[in-house]
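Asker: Could you look at this predicted model? Sequence included:
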Amino acid sequence: MRSYRITKHTVLVAALALTMGLPVLSTQAADQSLGGAIIVASPGELGMASAGAVEDTLMACLARIPKDATAGQRMLAEQSCQQDEATRKVVQAAPKF
């Protein structure tokens, strides 16, 4: 009877430790993969409106889609640009208080 409780307790503690430890391990792995990433912007790009900004237009958003994007990536990017444009139109049409 006592060995059953010890085994049950050990399994419970191991499961709890594993459950608590996995998110930490996956977070550390994600942090390590981004450690060497460097984002460089050319001087010409610094004057551009950021994606999703009010000044951004549909054509500017579509122009930022990479030429080597797959068909699925291009479709998602185009849908995102169209949704941003629709949101901008709604915001611009809303009354200002």
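Answerer: Perfect, thanks for sending it. Residues are numbered from 1 along each chain as shown.

Asker: In which helix or strand does Ile65 reside?
Answerer: Using DSSP states H and E, Ile65 sits within no helix or strand.

Asker: start at 47 instead
Answerer: Sure thing, new numbering starts at 47, so read that last one as Ile111.

Asker: Pull up the gap between it and Thr65, please.
Answerer: 41 Å (C-beta to C-beta, to the nearest Å). Any C-beta I mention is one placed from the backbone N, CA and C, and that applies to glycine too.

Asker: of those two, who's got more company?
Answerer: The neighbour count for Ile111 versus Thr65, taken as other C-beta atoms under 10 Å, is higher for Ile111 (16 against 9).

Asker: Report the contact partners of that one.
Answerer: Neighbouring residues of Ile111 by C-beta atoms under 8 Å, 6 or more residues apart in numbering: 119-120, 123-124, 127.

Asker: Go again with 6 Å.
Answerer: 120, 123 (C-beta atoms under 6 Å, 6 or more residues apart in numbering).

Asker: Next, it: phi, psi?
Answerer: phi -70, psi 130 (degrees, to the nearest 10).

Asker: Over to the one 3 residues further on?
Answerer: When quoted as degrees, to the nearest 10, the phi and psi of Asp114 stand at phi -90, psi 20.

Asker: I'd like to know how many residues surround it.
Answerer: Neighbour tally, Asp114, other C-beta under 10 Å: 7.
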